[in-house]
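K.L.:
below: sequence and its predicted model.
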2 protein chains.
Amino acid sequence: MMQIPTLPPAVVPRLTKYLALIQQLSSEGVQWVSSQDLADALGLTSSTVRQDLSHVDYSGISKRGYETTGLEKVLAGILGADREWKTVVIGAGNLGMALARHEEFLRHGFTMCGVFDSDEKKIGRKVGRLTVRGMRDLPAFVGSEMVQVGVLAVPASAAQSCADLLIASGIKGLLNLSLAHLIAPRTVAVMDSRMIASLIELTHAITLRQNPSSP
Amino acid sequence: MMQIPTLPPAVVPRLTKYLALIQQLSSEGVQWVSSQDLADALGLTSSTVRQDLSHVDYSGISKRGYETTGLEKVLAGILGADREWKTVVIGAGNLGMALARHEEFLRHGFTMCGVFDSDEKKIGRKVGRLTVRGMRDLPAFVGSEMVQVGVLAVPASAAQSCADLLIASGIKGLLNLSLAHLIAPRTVAVMDSRMIASLIELTHAITLRQNPSSP
DNA sequence: TAGATTGTTAATCGATTAACAATC
DNA sequence: TAGATTGTTAATCGATTAACAATC
(Lines give C-alpha, C1' and ligand atoms only; values in the text may rest on other atoms or scores of the structure.)
Protein backbone atom coordinates (compact mmCIF):
# COMPACT_ATOMS: atom_id res chain seq x y z
CA MET A 1 0.00 0.00 0.00
CA MET A 2 1.13 3.53 -0.72
CA GLN A 3 2.98 5.31 2.05
CA ILE A 4 1.06 8.30 3.39
CA PRO A 5 3.55 10.85 4.71
CA THR A 6 2.62 12.75 7.87
CA LEU A 7 2.11 16.34 6.85
CA PRO A 8 2.42 19.51 8.96
CA PRO A 9 -1.14 20.49 9.90
CA ALA A 10 -0.95 23.84 8.11
CA VAL A 11 -0.10 22.14 4.82
CA VAL A 12 -3.17 19.92 4.41
CA PRO A 13 -5.76 22.65 3.71
CA ARG A 14 -3.49 24.08 1.02
CA LEU A 15 -3.06 20.67 -0.62
CA THR A 16 -6.84 20.58 -1.11
CA LYS A 17 -6.58 23.96 -2.84
CA TYR A 18 -3.77 22.80 -5.10
CA LEU A 19 -5.77 19.71 -5.99
CA ALA A 20 -8.93 21.65 -6.84
CA LEU A 21 -7.00 24.10 -9.01
CA ILE A 22 -4.95 21.43 -10.77
CA GLN A 23 -8.07 19.37 -11.50
CA GLN A 24 -9.52 22.42 -13.18
CA LEU A 25 -6.31 23.16 -15.09
CA SER A 26 -5.82 19.60 -16.30
CA SER A 27 -9.46 19.43 -17.44
CA GLU A 28 -8.73 22.57 -19.46
CA GLY A 29 -5.78 20.83 -21.11
CA VAL A 30 -3.00 22.66 -19.22
CA GLN A 31 -0.05 20.27 -18.94
CA TRP A 32 2.45 22.15 -16.81
CA VAL A 33 2.10 24.47 -13.84
CA SER A 34 4.86 26.27 -11.92
CA SER A 35 4.96 27.06 -8.20
CA GLN A 36 4.57 30.72 -9.19
CA ASP A 37 1.44 29.94 -11.22
CA LEU A 38 -0.12 28.12 -8.27
CA ALA A 39 0.90 30.89 -5.87
CA ASP A 40 -0.59 33.63 -8.06
CA ALA A 41 -3.88 31.78 -8.46
CA LEU A 42 -4.25 31.06 -4.75
CA GLY A 43 -2.79 34.18 -3.14
CA LEU A 44 0.36 32.49 -1.77
CA THR A 45 4.11 32.82 -2.30
CA SER A 46 5.91 30.41 -4.61
CA SER A 47 8.16 29.56 -1.69
CA THR A 48 5.21 28.26 0.33
CA VAL A 49 4.02 26.21 -2.63
CA ARG A 50 7.41 24.57 -3.12
CA GLN A 51 7.77 23.87 0.60
CA ASP A 52 4.34 22.29 0.65
CA LEU A 53 4.98 20.15 -2.40
CA SER A 54 8.34 19.00 -1.00
CA HIS A 55 6.27 16.93 1.47
CA VAL A 56 4.75 15.11 -1.48
CA ASP A 57 6.48 12.27 -3.29
CA TYR A 58 6.41 13.95 -6.70
CA SER A 59 9.14 15.96 -8.37
CA GLY A 60 8.82 18.98 -10.57
CA ILE A 61 11.19 19.73 -13.39
CA SER A 62 13.37 22.84 -13.57
CA LYS A 63 12.24 25.38 -16.13
CA ARG A 64 8.85 23.70 -16.63
CA GLY A 65 7.29 23.17 -13.21
CA TYR A 66 4.95 20.30 -12.31
CA GLU A 67 3.02 18.07 -14.69
CA THR A 68 -0.65 18.59 -13.88
CA THR A 69 -1.91 15.05 -14.43
CA GLY A 70 0.86 13.46 -12.38
CA LEU A 71 0.62 15.91 -9.49
CA GLU A 72 -3.17 15.61 -9.53
CA LYS A 73 -2.92 11.85 -9.11
CA VAL A 74 -0.42 12.05 -6.24
CA LEU A 75 -2.34 14.75 -4.35
CA ALA A 76 -5.61 12.86 -4.78
CA GLY A 77 -3.95 9.74 -3.38
CA ILE A 78 -2.54 11.49 -0.32
CA LEU A 79 -5.83 13.23 0.44
CA GLY A 80 -8.03 10.19 -0.18
CA ALA A 81 -9.77 11.93 -3.07
CA ASP A 82 -9.20 8.96 -5.40
CA ARG A 83 -11.50 6.66 -3.42
CA GLU A 84 -15.22 6.26 -2.75
CA TRP A 85 -16.45 7.29 0.68
CA LYS A 86 -19.81 6.06 1.89
CA THR A 87 -21.54 8.97 3.55
CA VAL A 88 -24.68 9.62 5.59
CA VAL A 89 -26.33 12.91 6.47
CA ILE A 90 -27.82 13.39 9.92
CA GLY A 91 -30.65 15.92 9.97
CA ALA A 92 -33.42 16.16 7.37
CA GLY A 93 -34.03 19.90 7.73
CA ASN A 94 -33.56 22.40 4.91
CA LEU A 95 -29.80 22.00 4.93
CA GLY A 96 -29.64 18.21 5.34
CA MET A 97 -32.15 17.63 2.54
CA ALA A 98 -30.22 19.97 0.22
CA LEU A 99 -26.95 18.17 0.97
CA ALA A 100 -28.49 14.75 0.36
CA ARG A 101 -29.42 15.94 -3.14
CA HIS A 102 -26.18 17.87 -3.78
CA GLU A 103 -24.49 16.39 -6.87
CA GLU A 104 -21.13 17.95 -5.93
CA PHE A 105 -20.67 15.29 -3.23
CA LEU A 106 -20.98 12.37 -5.62
CA ARG A 107 -18.67 14.11 -8.10
CA HIS A 108 -15.97 14.19 -5.42
CA GLY A 109 -16.36 10.57 -4.38
CA PHE A 110 -18.80 10.95 -1.50
CA THR A 111 -21.60 8.45 -2.09
CA MET A 112 -24.66 9.57 -0.19
CA CYS A 113 -26.28 6.41 1.11
CA GLY A 114 -28.62 7.54 3.88
CA VAL A 115 -30.40 10.48 5.54
CA PHE A 116 -31.45 10.23 9.17
CA ASP A 117 -33.62 12.33 11.46
CA SER A 118 -35.05 11.90 14.95
CA ASP A 119 -38.34 13.56 13.97
CA GLU A 120 -40.92 10.81 13.39
CA LYS A 121 -42.86 13.08 11.02
CA LYS A 122 -39.90 13.25 8.62
CA ILE A 123 -39.24 9.51 8.47
CA GLY A 124 -40.25 8.02 5.15
CA ARG A 125 -39.96 11.24 3.14
CA LYS A 126 -38.23 10.91 -0.20
CA VAL A 127 -34.95 12.77 -0.85
CA GLY A 128 -33.98 12.08 -4.46
CA ARG A 129 -33.51 8.31 -4.57
CA LEU A 130 -33.15 8.07 -0.77
CA THR A 131 -35.70 7.88 2.03
CA VAL A 132 -35.37 9.57 5.44
CA ARG A 133 -34.74 6.98 8.16
CA GLY A 134 -35.11 7.20 11.92
CA MET A 135 -32.09 7.63 14.19
CA ARG A 136 -32.82 4.26 15.82
CA ASP A 137 -31.83 2.58 12.53
CA LEU A 138 -28.49 4.38 12.32
CA PRO A 139 -26.16 1.94 14.18
CA ALA A 140 -27.27 -1.10 12.17
CA PHE A 141 -27.09 0.87 8.91
CA VAL A 142 -23.58 2.24 9.51
CA GLY A 143 -22.38 -1.22 10.45
CA SER A 144 -23.91 -3.20 7.59
CA GLU A 145 -23.27 -0.62 4.85
CA MET A 146 -19.77 0.17 6.18
CA VAL A 147 -20.44 3.89 6.18
CA GLN A 148 -17.24 5.84 6.84
CA VAL A 149 -18.31 9.48 6.86
CA GLY A 150 -21.13 11.25 8.71
CA VAL A 151 -22.26 14.80 7.95
CA LEU A 152 -23.95 16.54 10.88
CA ALA A 153 -26.62 18.96 9.64
CA VAL A 154 -28.47 19.29 12.96
CA PRO A 155 -28.90 22.19 15.41
CA ALA A 156 -25.97 22.87 17.74
CA SER A 157 -27.97 21.55 20.70
CA ALA A 158 -28.29 18.09 19.08
CA ALA A 159 -24.82 17.87 17.52
CA GLN A 160 -22.90 16.14 20.33
CA SER A 161 -25.52 13.45 20.97
CA CYS A 162 -25.76 12.69 17.24
CA ALA A 163 -21.98 12.55 17.05
CA ASP A 164 -21.87 10.15 19.99
CA LEU A 165 -24.33 7.84 18.26
CA LEU A 166 -22.35 7.90 15.01
CA ILE A 167 -19.12 7.20 16.89
CA ALA A 168 -20.72 4.29 18.77
CA SER A 169 -21.90 2.99 15.39
CA GLY A 170 -18.32 2.82 14.14
CA ILE A 171 -18.11 5.88 11.90
CA LYS A 172 -14.57 6.87 10.85
CA GLY A 173 -14.97 10.60 10.34
CA LEU A 174 -17.42 13.44 11.03
CA LEU A 175 -18.09 16.67 9.19
CA ASN A 176 -19.61 19.08 11.69
CA LEU A 177 -21.76 21.79 10.15
CA SER A 178 -23.17 23.04 13.45
CA LEU A 179 -21.88 25.87 15.59
CA ALA A 180 -21.15 23.42 18.42
CA HIS A 181 -17.67 22.14 19.25
CA LEU A 182 -17.60 18.33 19.10
CA ILE A 183 -15.72 16.04 21.45
CA ALA A 184 -14.60 12.77 19.86
CA PRO A 185 -12.02 10.05 20.62
CA ARG A 186 -8.70 10.32 18.76
CA THR A 187 -9.67 7.36 16.60
CA VAL A 188 -12.45 9.37 14.93
CA ALA A 189 -11.53 12.31 12.68
CA VAL A 190 -13.57 15.50 12.98
CA MET A 191 -13.59 18.49 10.65
CA ASP A 192 -15.65 21.62 11.02
CA SER A 193 -17.29 23.58 8.24
CA ARG A 194 -19.40 26.07 10.08
CA MET A 195 -21.03 28.66 7.91
CA ILE A 196 -22.35 30.74 10.79
CA ALA A 197 -18.90 30.89 12.40
CA SER A 198 -17.38 31.90 9.07
CA LEU A 199 -20.05 34.58 8.63
CA ILE A 200 -19.19 35.97 12.07
CA GLU A 201 -15.49 36.03 11.19
CA LEU A 202 -16.54 37.80 8.01
CA THR A 203 -18.46 40.52 9.85
CA HIS A 204 -15.42 41.05 12.07
CA ALA A 205 -13.26 41.53 8.97
CA ILE A 206 -15.80 43.93 7.45
CA THR A 207 -15.89 45.95 10.68
CA LEU A 208 -12.08 46.16 10.75
CA ARG A 209 -11.93 47.38 7.17
CA GLN A 210 -14.46 50.10 7.89
CA ASN A 211 -12.56 51.22 10.98
CA PRO A 212 -9.75 53.67 10.09
CA SER A 213 -7.63 52.56 13.07
CA SER A 214 -6.38 49.45 11.23
CA PRO A 215 -3.39 49.56 8.83
CA MET B 1 -17.77 54.50 18.44
CA MET B 2 -16.21 51.52 20.15
CA GLN B 3 -12.55 50.84 19.42
CA ILE B 4 -12.00 47.55 17.57
CA PRO B 5 -8.56 46.20 18.44
CA THR B 6 -6.57 44.50 15.69
CA LEU B 7 -6.35 40.83 16.60
CA PRO B 8 -3.75 38.25 15.56
CA PRO B 9 -5.31 36.24 12.72
CA ALA B 10 -5.18 32.96 14.63
CA VAL B 11 -7.22 34.43 17.49
CA VAL B 12 -10.37 35.42 15.57
CA PRO B 13 -11.71 31.90 14.82
CA ARG B 14 -11.32 31.00 18.48
CA LEU B 15 -13.21 34.12 19.58
CA THR B 16 -16.18 32.87 17.54
CA LYS B 17 -15.94 29.59 19.47
CA TYR B 18 -15.80 31.34 22.84
CA LEU B 19 -18.80 33.43 21.87
CA ALA B 20 -20.88 30.43 20.76
CA LEU B 21 -20.08 28.55 23.95
CA ILE B 22 -20.66 31.51 26.25
CA GLN B 23 -23.98 32.29 24.60
CA GLN B 24 -25.04 28.75 25.36
CA LEU B 25 -23.74 28.89 28.94
CA SER B 26 -25.36 32.23 29.72
CA SER B 27 -28.67 31.02 28.27
CA GLU B 28 -28.38 28.07 30.68
CA GLY B 29 -27.94 30.51 33.56
CA VAL B 30 -24.20 29.95 34.11
CA GLN B 31 -22.77 33.22 35.46
CA TRP B 32 -19.04 32.59 35.65
CA VAL B 33 -16.63 30.68 33.44
CA SER B 34 -12.88 30.17 33.94
CA SER B 35 -10.21 29.93 31.26
CA GLN B 36 -9.87 26.27 32.22
CA ASP B 37 -13.61 25.67 31.70
CA LEU B 38 -13.45 27.21 28.23
CA ALA B 39 -10.29 25.28 27.39
CA ASP B 40 -11.79 21.94 28.46
CA ALA B 41 -14.98 22.49 26.48
CA LEU B 42 -13.14 23.51 23.30
CA GLY B 43 -10.05 21.31 23.37
CA LEU B 44 -7.57 24.12 24.10
CA THR B 45 -5.15 24.99 26.92
CA SER B 46 -6.16 27.55 29.54
CA SER B 47 -3.04 29.48 28.60
CA THR B 48 -4.26 29.94 25.04
CA VAL B 49 -7.65 31.09 26.29
CA ARG B 50 -6.13 33.71 28.59
CA GLN B 51 -3.77 34.94 25.87
CA ASP B 52 -6.69 35.26 23.47
CA LEU B 53 -8.89 37.10 25.96
CA SER B 54 -6.05 39.47 26.84
CA HIS B 55 -6.62 41.02 23.40
CA VAL B 56 -10.16 41.83 24.47
CA ASP B 57 -11.04 44.83 26.58
CA TYR B 58 -12.67 42.82 29.36
CA SER B 59 -11.14 41.66 32.62
CA GLY B 60 -11.73 38.46 34.47
CA ILE B 61 -11.61 38.22 38.23
CA SER B 62 -9.15 36.03 40.13
CA LYS B 63 -10.71 32.98 41.70
CA ARG B 64 -13.94 33.30 39.73
CA GLY B 65 -13.06 33.71 36.06
CA TYR B 66 -15.07 35.71 33.53
CA GLU B 67 -18.68 36.83 33.86
CA THR B 68 -20.56 35.21 31.01
CA THR B 69 -22.99 38.02 30.17
CA GLY B 70 -20.29 40.69 30.15
CA LEU B 71 -17.82 38.69 28.08
CA GLU B 72 -20.60 37.69 25.70
CA LYS B 73 -21.41 41.34 25.06
CA VAL B 74 -17.79 42.34 24.47
CA LEU B 75 -17.04 39.42 22.15
CA ALA B 76 -20.23 40.02 20.17
CA GLY B 77 -19.24 43.67 19.76
CA ILE B 78 -15.74 42.89 18.52
CA LEU B 79 -16.97 40.25 16.08
CA GLY B 80 -19.92 42.27 14.79
CA ALA B 81 -22.38 39.70 16.12
CA ASP B 82 -24.45 42.39 17.89
CA ARG B 83 -25.59 44.00 14.64
CA GLU B 84 -27.92 43.22 11.74
CA TRP B 85 -26.26 42.27 8.46
CA LYS B 86 -28.27 42.44 5.26
CA THR B 87 -27.46 39.35 3.27
CA VAL B 88 -28.16 37.95 -0.19
CA VAL B 89 -27.65 34.42 -1.50
CA ILE B 90 -26.36 33.90 -5.03
CA GLY B 91 -27.45 30.59 -6.54
CA ALA B 92 -30.94 29.10 -6.27
CA GLY B 93 -29.88 25.45 -6.46
CA ASN B 94 -30.49 22.93 -3.68
CA LEU B 95 -27.98 24.58 -1.39
CA GLY B 96 -28.89 28.21 -2.07
CA MET B 97 -32.60 27.57 -1.56
CA ALA B 98 -31.91 25.75 1.71
CA LEU B 99 -29.76 28.62 2.98
CA ALA B 100 -32.37 31.21 2.04
CA ARG B 101 -34.83 29.35 4.29
CA HIS B 102 -32.32 28.56 7.06
CA GLU B 103 -33.57 30.11 10.30
CA GLU B 104 -30.11 29.92 11.89
CA PHE B 105 -28.99 32.90 9.78
CA LEU B 106 -31.68 35.20 11.06
CA ARG B 107 -31.07 34.05 14.63
CA HIS B 108 -27.45 35.22 14.29
CA GLY B 109 -28.27 38.60 12.81
CA PHE B 110 -28.05 37.80 9.10
CA THR B 111 -31.23 39.11 7.49
CA MET B 112 -31.79 37.27 4.24
CA CYS B 113 -33.18 39.84 1.84
CA GLY B 114 -32.69 38.33 -1.61
CA VAL B 115 -31.91 35.20 -3.66
CA PHE B 116 -30.44 35.54 -7.15
CA ASP B 117 -29.82 33.12 -10.01
CA SER B 118 -28.74 33.48 -13.64
CA ASP B 119 -31.12 30.71 -14.75
CA GLU B 120 -34.22 32.34 -16.27
CA LYS B 121 -36.30 29.27 -15.38
CA LYS B 122 -35.68 29.80 -11.68
CA ILE B 123 -36.57 33.49 -11.60
CA GLY B 124 -39.88 34.14 -9.86
CA ARG B 125 -39.86 30.97 -7.76
CA LYS B 126 -40.84 31.43 -4.14
CA VAL B 127 -38.34 30.74 -1.35
CA GLY B 128 -40.15 31.25 1.95
CA ARG B 129 -41.18 34.91 1.86
CA LEU B 130 -38.61 35.74 -0.85
CA THR B 131 -38.71 35.41 -4.64
CA VAL B 132 -35.76 34.37 -6.83
CA ARG B 133 -34.46 37.32 -8.84
CA GLY B 134 -32.28 37.47 -11.94
CA MET B 135 -28.61 38.36 -11.71
CA ARG B 136 -29.20 41.47 -13.84
CA ASP B 137 -31.16 42.95 -10.92
CA LEU B 138 -28.34 42.37 -8.43
CA PRO B 139 -26.36 45.66 -8.68
CA ALA B 140 -29.43 47.88 -8.21
CA PHE B 141 -30.71 45.70 -5.36
CA VAL B 142 -27.42 45.67 -3.43
CA GLY B 143 -27.16 49.43 -3.86
CA SER B 144 -30.69 50.41 -2.87
CA GLU B 145 -31.09 47.86 -0.05
CA MET B 146 -27.56 48.49 1.25
CA VAL B 147 -26.76 44.78 1.31
CA GLN B 148 -23.45 44.14 3.06
CA VAL B 149 -22.95 40.36 2.82
CA GLY B 150 -23.15 38.00 -0.16
CA VAL B 151 -23.23 34.21 0.17
CA LEU B 152 -21.98 32.39 -2.93
CA ALA B 153 -23.81 29.07 -3.37
CA VAL B 154 -22.92 28.56 -7.02
CA PRO B 155 -20.70 26.02 -8.84
CA ALA B 156 -16.95 26.66 -8.68
CA SER B 157 -16.92 27.60 -12.37
CA ALA B 158 -19.33 30.51 -11.76
CA ALA B 159 -17.97 31.67 -8.40
CA GLN B 160 -15.43 34.29 -9.55
CA SER B 161 -17.77 36.00 -12.03
CA CYS B 162 -20.55 36.16 -9.42
CA ALA B 163 -18.06 37.53 -6.90
CA ASP B 164 -16.94 40.19 -9.40
CA LEU B 165 -20.55 41.29 -9.91
CA LEU B 166 -21.18 41.49 -6.15
CA ILE B 167 -17.98 43.48 -5.65
CA ALA B 168 -18.89 45.87 -8.46
CA SER B 169 -22.29 46.27 -6.79
CA GLY B 170 -20.62 47.48 -3.61
CA ILE B 171 -20.87 44.43 -1.35
CA LYS B 172 -18.71 44.57 1.80
CA GLY B 173 -18.03 40.86 2.40
CA LEU B 174 -18.36 37.50 0.69
CA LEU B 175 -18.90 34.02 2.08
CA ASN B 176 -17.58 31.58 -0.49
CA LEU B 177 -19.15 28.12 -0.33
CA SER B 178 -17.63 26.89 -3.60
CA LEU B 179 -14.42 24.95 -4.07
CA ALA B 180 -12.96 27.84 -6.10
CA HIS B 181 -10.43 30.32 -4.68
CA LEU B 182 -11.75 33.87 -5.00
CA ILE B 183 -9.72 36.95 -5.91
CA ALA B 184 -11.05 40.17 -4.38
CA PRO B 185 -9.69 43.67 -3.67
CA ARG B 186 -8.45 44.31 -0.12
CA THR B 187 -11.49 46.49 0.55
CA VAL B 188 -13.81 43.46 0.34
CA ALA B 189 -13.58 40.75 3.00
CA VAL B 190 -13.75 37.11 1.88
CA MET B 191 -14.22 34.01 4.03
CA ASP B 192 -14.37 30.44 2.82
CA SER B 193 -16.61 27.71 4.17
CA ARG B 194 -16.08 24.93 1.75
CA MET B 195 -17.73 21.67 2.72
CA ILE B 196 -16.14 19.65 -0.07
CA ALA B 197 -12.66 20.87 0.88
CA SER B 198 -13.35 20.03 4.52
CA LEU B 199 -14.59 16.57 3.52
CA ILE B 200 -11.37 15.98 1.59
CA GLU B 201 -9.31 17.08 4.60
CA LEU B 202 -11.44 14.67 6.60
CA THR B 203 -10.71 11.72 4.32
CA HIS B 204 -7.01 12.53 4.61
CA ALA B 205 -7.27 12.43 8.39
CA ILE B 206 -9.20 9.14 8.26
CA THR B 207 -6.56 7.62 5.99
CA LEU B 208 -3.77 8.73 8.36
CA ARG B 209 -5.51 7.20 11.37
CA GLN B 210 -5.89 3.89 9.56
CA ASN B 211 -2.23 3.89 8.54
CA PRO B 212 0.01 2.52 11.33
CA SER B 213 2.99 4.67 10.22
CA SER B 214 1.66 7.73 12.02
CA PRO B 215 2.26 8.37 15.74
C1' DT C 1 -6.07 33.56 55.60
C1' DA C 2 -5.28 30.08 52.00
C1' DG C 3 -6.06 28.90 47.57
C1' DA C 4 -7.66 29.53 42.94
C1' DT C 5 -7.37 32.08 38.87
C1' DT C 6 -6.00 35.97 36.20
C1' DG C 7 -2.73 38.67 33.18
C1' DT C 8 1.71 38.80 31.37
C1' DT C 9 6.47 37.63 30.43
C1' DA C 10 9.69 34.50 28.58
C1' DA C 11 10.60 30.13 26.27
C1' DT C 12 9.37 26.96 22.91
C1' DC C 13 7.52 25.46 18.93
C1' DG C 14 5.93 25.57 14.19
C1' DA C 15 5.05 28.05 9.83
C1' DT C 16 6.45 31.20 6.35
C1' DT C 17 9.66 33.58 3.66
C1' DA C 18 14.14 34.57 1.57
C1' DA C 19 17.96 33.08 -0.76
C1' DC C 20 20.62 30.31 -3.66
C1' DA C 21 23.01 26.18 -5.51
C1' DA C 22 21.53 22.49 -8.50
C1' DT C 23 19.50 21.38 -12.79
C1' DC C 24 16.87 20.93 -16.91
C1' DT D 1 24.40 28.18 -23.86
C1' DA D 2 21.52 31.20 -21.00
C1' DG D 3 17.79 31.48 -18.24
C1' DA D 4 13.97 29.78 -15.62
C1' DT D 5 12.47 26.98 -11.99
C1' DT D 6 13.07 23.47 -8.60
C1' DG D 7 14.36 21.66 -3.89
C1' DT D 8 16.39 22.83 0.30
C1' DT D 9 18.71 25.40 3.89
C1' DA D 10 18.74 29.18 6.96
C1' DA D 11 16.44 33.27 8.75
C1' DT D 12 12.40 35.41 10.15
C1' DC D 13 8.10 35.70 11.86
C1' DG D 14 4.06 34.44 14.52
C1' DA D 15 1.53 31.30 17.60
C1' DT D 16 1.41 28.37 21.54
C1' DT D 17 2.77 26.90 25.92
C1' DA D 18 4.90 27.23 30.48
C1' DA D 19 5.62 29.63 34.47
C1' DC D 20 4.70 32.73 38.04
C1' DA D 21 3.84 37.16 40.45
C1' DA D 22 -0.31 39.74 41.33
C1' DT D 23 -4.82 39.56 43.17
C1' DC D 24 -9.38 38.58 44.64
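P.N.:
Cool, got the structure.
K.L.:
how about the helices in chain A?
P.N.:
A:11-27, A:35-42, A:46-54, A:68-79, A:94-101, A:103-107, A:138-145, A:156-168, A:195-210 (DSSP state H).
K.L.:
name the surrounding residues that touch the longest strand seen in chain A.
P.N.:
When chain A is parsed with DSSP state E, its longest strand is strand A:110-117. Residues from elsewhere that reach strand A:110-117 (C-beta atoms under 8 Å, 6 or more residues apart in numbering or on different chains): A:84-93, A:96-97, A:99-100, A:105-106, A:123, A:127, A:130-135, A:137-138, A:141, A:145, A:147, A:149, B:199. Where you see a C-beta, it was placed from the backbone N, CA and C, and this is true even at glycine.
K.L.:
change it to 6 Å
P.N.:
A:84-90, A:92, A:100, A:105, A:127, A:130, A:132-133, A:135, A:138, A:141, A:145 (C-beta atoms under 6 Å, 6 or more residues apart in numbering or on different chains).
K.L.:
tabulate the helices of chain A (TSV), appending distance to chain B.
P.N.:
Compiled in TSV, the helices of chain A are given as follows (distance: least, C-beta to the nearest C-beta, whole Å):
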stretch	distance to chain B
helix A:11-27	5
helix A:35-42	5
helix A:46-54	13
helix A:68-79	5
helix A:94-101	4
helix A:103-107	6
helix A:138-145	14
helix A:156-168	7
helix A:195-210	3
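K.L.:
quick one: closest of those helices to B:Thr6.
P.N.:
B:Thr6 lies closest to helix A:195-210 among these, at 7.0 Å (C-beta to C-beta).
K.L.:
quick one: list the elements packing against the closest one.
P.N.:
helix B:11-27, strand B:173-176, strand B:189-192 (3 or more C-beta pairs under 6 Å, 6 or more residues apart in numbering or on different chains; DSSP states H and E).
K.L.:
any part of the first one near DNA strand C?
P.N.:
When you say that, I think you mean helix B:11-27. No: if you take C-beta under 7 Å from any atom of the strand as the test, helix B:11-27 misses DNA strand C, and the best it gets is 11.8 Å.
K.L.:
chain center to that helix: distance?
P.N.:
13 Å (C-alpha atoms, centre = their mean, to the nearest Å).
K.L.:
how about it, does it reach DNA strand D?
P.N.:
Yes: legend: contact between helix B:11-27 and DNA strand D by C-beta under 7 Å from any atom of the strand is shown at B:Val11.
K.L.:
let me have the helices of chain A in TSV, extended by mean pLDDT and mean neighbour count.
P.N.:
Below are those laid out as TSV (pLDDT from 0 to 100; neighbours: other C-beta atoms under 10 Å in any protein chain shown):
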stretch	mean pLDDT	mean neighbour count
helix A:11-27	98	19
helix A:35-42	98	18
helix A:46-54	98	16
helix A:68-79	97	20
helix A:94-101	97	23
helix A:103-107	95	14
helix A:138-145	98	15
helix A:156-168	98	18
helix A:195-210	96	22
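K.L.:
for the spatially closest residue to A:Leu138 that is not a sequence neighbour, grab the count of nearby residues.
P.N.:
Computed as C-beta to C-beta, 6 or more residues apart in numbering or on different chains, the closest residue to A:Leu138 that is not its neighbour in sequence is A:Phe116, at 5.3 Å. When neighbours are counted by other C-beta atoms under 10 Å in any protein chain shown, A:Phe116 registers 26.
K.L.:
what about A:Phe116, distance to A:Gly93?
P.N.:
12 Å (C-beta to C-beta, to the nearest Å).
K.L.:
got the contact list for stretch A:201-213?
P.N.:
Outside stretch A:201-213, the residues touching it (C-beta under 6 Å, 6+ apart) are A:Ser214, B:Ile4, B:Val12, B:Thr16, B:Leu79, B:Gly80, B:Trp85, B:Lys172, B:Gly173, B:Leu175, B:Ala189, B:Met191.
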